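[1] below are the sequence and a predicted model for it; my questions follow.
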Amino acid sequence: MTDQTMTPEERAASLEGMGCRRKRVEDVRFTQGKGNYVDDVKLPGMLFGAFVRSPYAHARVKSIDAEAAKALPGVVAVLTAADLAPLGLHWMPTLAGDKQMVLADGKVLFQGQEVAFVVAEDRYLAADAVELVEVEYEELPVVTDPFKALEPDAPVLREDIKDQKEGAHGPRRHHNHIFTWEQGDRDATEKVLAEADVTVEEMIHYHRTHPCPLETCGCVASMDKATGKLTVWGTFQAPHAIRTVVSLISGIAEHNIRIISPDIGGGFGNKVGAYPGYVCSVVASIVTGRPVKWIENRMENLMSTAFARDYWMKGRIAATKDGRITGLWCHVTADHGGFDACADPTKFPAGFFNICTGSYDIPTAYLCVDGVYTNKAPGGVAYRCSFRVTEAAYFIERMVELLAIELNMDAAELRRINFIRKEQFPYASALGWEYDSGDYHTAWDKALKAVDYEWLRREQARRIEDFKAGRTRKLLGIGLSHFTEIVGAGPVKNCDILGLGMFDSCEIRIHPTGSAIARLGTISQGQGHATTFAQILASELGIPASDITVEEGDTDTAPYGLGTYGSRSTPVAGAATAMAARKIRAKAQMIAAWLLEVHDDDLEWDVDRFVVKGAPERFKTMKEIAFAAYNQAIPGLEPGLEAVSYYDPPNMTYPFGAYVCVMEIDVDTGEWKVRQFYALDDCGTRINPMIIEGQVHGGLTEALAIAMGQEIAYDEMGNVKTGTLMDFFIPTAWETPNYVTDHTVTPSPHHPIGAKGVGESPNVGGVPAFSNAVHDAFRAFGLRQAHMPHDHWRIWRIAENLGLHG
Ligand code: PCD
């Protein structure tokens, strides 16, 4: 069969465009060990840098003696704050408008903080030299509890700004207070709460955790003194933003800086920010004139690069006696650690936490977030989360469960009566967002039907009877969750990072033979962009996906973009890809018209070609048009076939989903087993269903980890108690259940192809589903709220506190 005899459907299928379960093109490389990660970059004469880190969470640095380290053969330099100070690089700006020490300047504020940077001929010598650096500390009182940090006589953590009354986000009222962020209508919400039939009040804690990508953070900095050009290979989720930041803080002209994100072994938000390791490597390369590599080990990654969550969320919810929610009130105490290095768009010091009204039509709401300094690592990254959405979803999904208990109602039914209805979209939420589209009732009903919810509840009731009669020691929990995400930052008018508007970009070049290369401002860390973005182009341009190369991550070649995190690649760069393709198609139409000697308007697009209307035998394929673009002198048209689009989305996209988790819990050991997990995701138009399923599996497994054990825990001295993978829970195949995935499709009305993001959704919706399952198992015995992570010991303690151990 030639392409002339194929039907349009057959031709469309051969393109492997949108909707196709196309196999990941990246995997050919990855599964053969041919990936090229930062630690694979090896340059002639390359040195290795390693940190001396603080063993104390709060201490004055009295002296640093590096003589013995410097004397070790093979050690080239030891950098301290004193060396960086003349360059103005001993502190650096953070994404949240604060500043952070690059190397300890007089004191340290968290365990694992960077104190000195040793540069040696190789990694082993560097490690030996780290041991030889003598640092004299004077211990200071430690605060790891954000509530204690705000007491009047709490120790002063940030001496550098202790008298500063204004912070980056408004007034500061205490020496350890960072900001207060208020949204919504306080008075109206208080009134609704005071007059409500029913109210519930509870403290919901989302514990501190940490993204755990397979590859830790690192970079190779190489300053070429002959050309004046600085090249940095690194684990960067936002390479262009890093280039601009490096230029602004180093004074090196931006065109002389080239940032390359090669293959990245997972990001999960951990690789969004700028870390002292990057700054020190660049400085060390400039000082030594040789390339310098810095790669974290696992403990360093867990202890010092950006943490996630750590929110204490006090909630109050009001409803009528038949279950109609009338108001929501929330106060968050946000523990930001020693420096405010949260990775959020500038105007949002608590990210998009104000999506905390969730999937419900709540007329009145008020939110207040207080940011606090403590002696913990800085960060506050969106670990598989669009800037604090995960915390928000957990908060509202717990509050709804608590309200169901108070009303003695079924939690699924309570959700159903409060969902925003399909006809209410676009929906303006009480806390300021405009949800683009949704159909929650359809998704919810589909989910409940798929798991046979009524039957599960009957089984649960029988189980409770059996338990009470002594016939079983296992309880059954049915964990429900309906979440609404907000992804695709975006719009430049309200979202920027360090003043850089959050648009994204795609540049396409069609080659004479009809194959193509597309370059984007985003960067894949495992999501499969090279596969999926080619699919968008295949559908838009009629070029087979296999004939399209997708390239990301090199700032010398890619158009400027803000990178990949917050599930923004599909909503923003995906839109730019479609828009750039449409520019190409518009030019292709003019070329086809000239070749066919008809007017542009006499042509119509048919999968991979322009056809003369009413004369289907007269057409030009995209392949023919591409060649003509390079070999015909067409009056009024430039040769070539290229386009670029910088896309500023008009709104964010609001994916949603309905999850059900069925969990068995052993009351005597606290052990749990996920018996069933059903996940329905609606991310609008689906580009690659197979990749979406993979994303959902991965995100759910991370959610399982967080809900059931993963935690960065500190003792009262500020020691990290979970700094290795022996203590930090990473689920294996043993704990990971079989997931059943499903979907509905509610396209985004403003996205050119109707797609919404999906990568984060399973984490956002998964954590409440797992946690609610634990809570639900004990609901009949009076449990209201038990904080995560629900490890065996904590579950055992719930049973103990409820008197279930007899
Ligand atoms: N998709 C499709 N369709 C739709 C959507 C989507 O198909 N509708 C697909 C795409 O294309 C891609 C994926 O899927 O491929 C994803 O997407 P999104 O959602 O847009 O996202 P992005 O932007 O791309 O990415 C990001 C995300 C995030 S955010 C995270 S965390 C994670 C996720 O992604 N990470 C990761 N996933 C993943 N995977 C992997 N493998 N690795 C990684 O690292 Mo953040 O904020 O950063 O925290």
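    Perfect, I can see it now.
[2] and the closest residue to Pro650 other than its chain neighbours, how far is that from the ligand?
    Closest residue to Pro650 apart from its sequence neighbours, by C-beta to C-beta, 6 or more residues apart in numbering: His750 at 5.0 Å. In this view, the C-beta of every residue, glycine as well, is placed from N, C-alpha and C. Relative to the ligand, His750 is positioned 14 Å away (C-beta to the nearest ligand atom, to the nearest Å).
[3] distance check, the residue in the stretch 1-150 of the chain positioned nearest to the ligand against Ala643.
    Of all residues in the stretch 1-150 of the chain, Met18 sits closest to the ligand, at 8.2 Å by C-beta to the nearest ligand atom. With the distance defined as C-beta to C-beta, to the nearest Å, Met18 ends up 19 Å from Ala643.
[4] looking at the two, which has the bigger crowd around it?
    Neighbour comparison, Met18 and Ala643: the larger count goes to Met18, with 23 against 19 (by other C-beta atoms under 10 Å).
[5] so what's the closest residue to the more buried one other than its chain neighbours up against?
    Ranked by C-beta to C-beta, 6+ apart and with sequence neighbours excluded, the top spatial neighbour of Met18 is Ser539, at 4.5 Å. For Ser539, the contacting residues are Ala12, Leu15, Gly17, Met18, Ile753, by C-beta atoms under 8 Å, 6 or more residues apart in numbering.
[6] CSV for those, including pLDDT and secondary structure?
    Below are those laid out as CSV (pLDDT from 0 to 100; DSSP: H, G, I helix; E, B strand; the rest coil):
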residue, pLDDT, secondary structure
Ala12, 97, helix
Leu15, 98, helix
Gly17, 98, coil
Met18, 98, coil
Ile753, 98, coil
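[7] okay, these in JSON lines with distance to Asp340 next?
    Output for those, formatted as JSON lines (distance: C-beta to C-beta, whole Å):
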{"residue": "Ala12", "distance to Asp340": "50"}
{"residue": "Leu15", "distance to Asp340": "48"}
{"residue": "Gly17", "distance to Asp340": "44"}
{"residue": "Met18", "distance to Asp340": "41"}
{"residue": "Ile753", "distance to Asp340": "37"}
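[8] domain map for the chain?
    When the chain is parsed with the TED database, its domains come out as 8-35+503-647, 38-140+216-264+271-304, 307-489+652-802.
[9] from Glu401, how far out is Glu138?
    As judged by C-beta to C-beta, Glu138 and Glu401 stand 48 Å apart.
[10] and those two? Which one has more around it.
    Per other C-beta under 10 Å, whichever of Glu138 and Glu401 has more neighbours is Glu401, with 26 against 10.
[11] what residues does the stretch 451-600 of the chain put near the ligand?
    Within the stretch 451-600 of the chain, the positions lying close to the ligand (C-beta under 6 Å from any ligand atom) are 525-529, 532, 564-570.
[12] which residues touch Asp600?
    Gln589, Met590, Ala593.
[13] just curious, which of those residues is nearest to the ligand?
    Of all the contacts of Asp600, Gln589 has the smallest distance to the ligand: 27.0 Å, by C-beta to the nearest ligand atom.
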